[in-house]
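# The sequence isn't on hand, but the structure is:
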């Protein structure tokens, strides 16, 4: 069967998710095409995640996309971005004539895929089924205005009328909200693992040597995209209150405002090495090493309601997380014994949580609940969940790596 993966974006987890899906599809009798933007092809993220594509995988390069004003990512939202995203998928289907379509990041298309401008017709003409993954979403915001409720109901109806066989989400709370939108969404919307794969284990010393950072002291680490929404300013403020042997490691590419903040206001911390910024897109081994190098992982995103792969990666590496006591991060840390929570906007709360986390980090180990959580959120289960429907269509049994969330939940309830 011909399979199309459509992903024009390159910043963040997008191409990493494509790479994981490709690993699973390599086990199946498929002809695979990855359709992406020209900007993605030219990005360092593509070189890291997909630069060694198997020769049997075809690449469809799409024009018609533009970068945002900071030249950091492809514009996939707004009128121009949404139009380019929709047209790009239609073009990719016309080129490849697939039997199955995966859209690893479908937030934009989920809102407009039902419009009568050709996508559904193209899929029917090919006999194709399409599946997509949503990440976050405005529908999770608790807004009281009547027009917000109206917008939410319209979004649900548009999603339900879209051409999707399955719609996945990384957040169980989002899945439950979408299920409240009616029978169609209850059948269509499913939970997707937040995929993490850490090869083996590393000592803190080996990880720090790999990253070429000082090997002494205790580290609080933030990994991935380094943006103010991750509470970077508050973490730097808290750093001043921590003991002198503590360092803050920012492991990932900074956005322009954060880069300016670091160099214009915190140059002394950078010079003394208490603040270390690896300001680049990290190779996978570097990203993994940043997790293992830490004593504590920080996920203190003040207004972030959605899932976070950093929390899963920390748990998989046996590192405690200090996270904001809101949304998915707060629920997950507390529900699966993954560390501690704080209120980042409350003076002193973050500092107290970091101090406690650093003091007990050497004693941290995963509880049985935490172990089941990590088992569900594996890269292998991500691939098995994504391809479950395709395996059905190919007449194949489910992947042996498939882990059902009900197993995690039932065991956790039984242990409570």
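Cool, the structure landed. Just so it is clear, the structure is predicted and the values come from calculations on it, not from any experiment.
# longest helix anywhere in the chain?
For the chain, the longest helix by residue count, based on DSSP state H, is helix 78-96.
# any idea of the mean pLDDT for the following helix or strand past it?
Remark: after helix 78-96, the chain's next helix or strand is strand 100-103, criterion DSSP states H and E. Across strand 100-103, pLDDT averages out at 98.
# Next: stretch 284-296.
Mean per-residue pLDDT for stretch 284-296: 95.
# chain center to that stretch, what's the gap?
17 Å (C-alpha atoms, centre = their mean, to the nearest Å).
# Buried residues in that stretch, which are they?
Going by neighbour count (16 or more other C-beta atoms under 10 Å), the buried part of stretch 284-296 is 286-296. For glycine as for every other residue, the C-beta is placed from the backbone atoms N, C-alpha and C.
# Also stretch 353-360?
So for stretch 353-360, counting by 16+ other C-beta under 10 Å, buried means 353-358.
# Make a markdown table out of the buried residues of stretch 284-296 and add distance to residue 24 and secondary structure.
What follows is the buried residues of stretch 284-296, written out as a markdown table (distance: C-beta to C-beta, whole Å; DSSP: H, G, I helix; E, B strand; the rest coil):
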| residue | distance to residue 24 | secondary structure |
| --- | --- | --- |
| 286 | 24 | helix |
| 287 | 20 | helix |
| 288 | 20 | helix |
| 289 | 25 | helix |
| 290 | 26 | helix |
| 291 | 23 | helix |
| 292 | 25 | helix |
| 293 | 29 | helix |
| 294 | 29 | coil |
| 295 | 34 | coil |
| 296 | 33 | strand |
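# mind listing the strands in the stretch 301-416 of the chain by residue range?
Assigned by DSSP state E, counting those that start in this stretch, the stretch 301-416 of the chain shows strands spanning 321-324, 339-342.
# Of those strands, which stretch is the most buried?
strand 321-324 (a mean of 29; mean count of other C-beta atoms under 10 Å).
# Now do it: distance to the chain's middle.
The chain centre lies 17 Å from the centre of strand 321-324; the measure is C-alpha atoms, centre = their mean.
# Pairing partners for that strand, with directions?
strand 296-299 (parallel), strand 339-342 (parallel) (DSSP bridges).
# Export those to TSV and append columns for distance to residue 136.
Listed next are the strands paired with strand 321-324 as TSV, based on distance: least, C-beta to C-beta, whole Å:
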stretch	distance to residue 136
strand 296-299	15
strand 339-342	20
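# Neighbours of residue 282, how many?
19 (other C-beta atoms under 10 Å).
# Just give me the closest of the buried residues of stretch 353-360 to residue 43.
residue 354 (33.6 Å; C-beta to C-beta).
# how much space is there between the closest one and residue 219?
Remark: distance between residue 354 and residue 219 (C-beta to C-beta, to the nearest Å) = 11 Å.
# what touches both of these two?
Common neighbours of residue 354 and residue 219, counting by C-beta atoms under 8 Å, 6 or more residues apart in numbering, are residue 296.
# coming back round to it: relative to residue 191, which of the strands paired with strand 321-324 is closest?
Taking C-beta to C-beta, strand 296-299 is the member of these nearest to residue 191, at 20.1 Å.
# Pull the distance from that closest one to the chain's centre.
16 Å.
# Any chance you could list what contacts that strand?
218-223, 230-231, 235, 291, 308, 310-311, 313-314, 319-324, 329, 339, 354, 357-358, 361.
# I figured residue 91 hits residue 61, correct?
No - in this structure, residue 91 is not within contact of residue 61 by C-beta atoms under 8 Å, at 10.6 Å.
# with the buried residues of stretch 284-296 in mind, which one is nearest to residue 85?
Scanning these for proximity to residue 85, where the rule is C-beta to C-beta, the winner is residue 287, at 27.1 Å.
# Excluding sequence neighbours, find me the nearest residue to that closest one.
Spatial nearest neighbour of residue 287, excluding adjacent residues (C-beta to C-beta, 6 or more residues apart in numbering): residue 223 at 6.2 Å.
# So residue 380 sits against residue 386, correct?
No - between residue 380 and residue 386 there is no contact under C-beta under 8 Å: 11.0 Å.
# These two: who's more crowded?
residue 386 (25 against 19).
# Pull up the gap between that one and residue 399, please.
For residue 386, the distance to residue 399 (C-beta to C-beta) stands at 10 Å.
# Find residues that contact each of those two.
Taking C-beta under 8 Å, 6+ apart as the criterion, residue 386 and residue 399 both touch residue 24.
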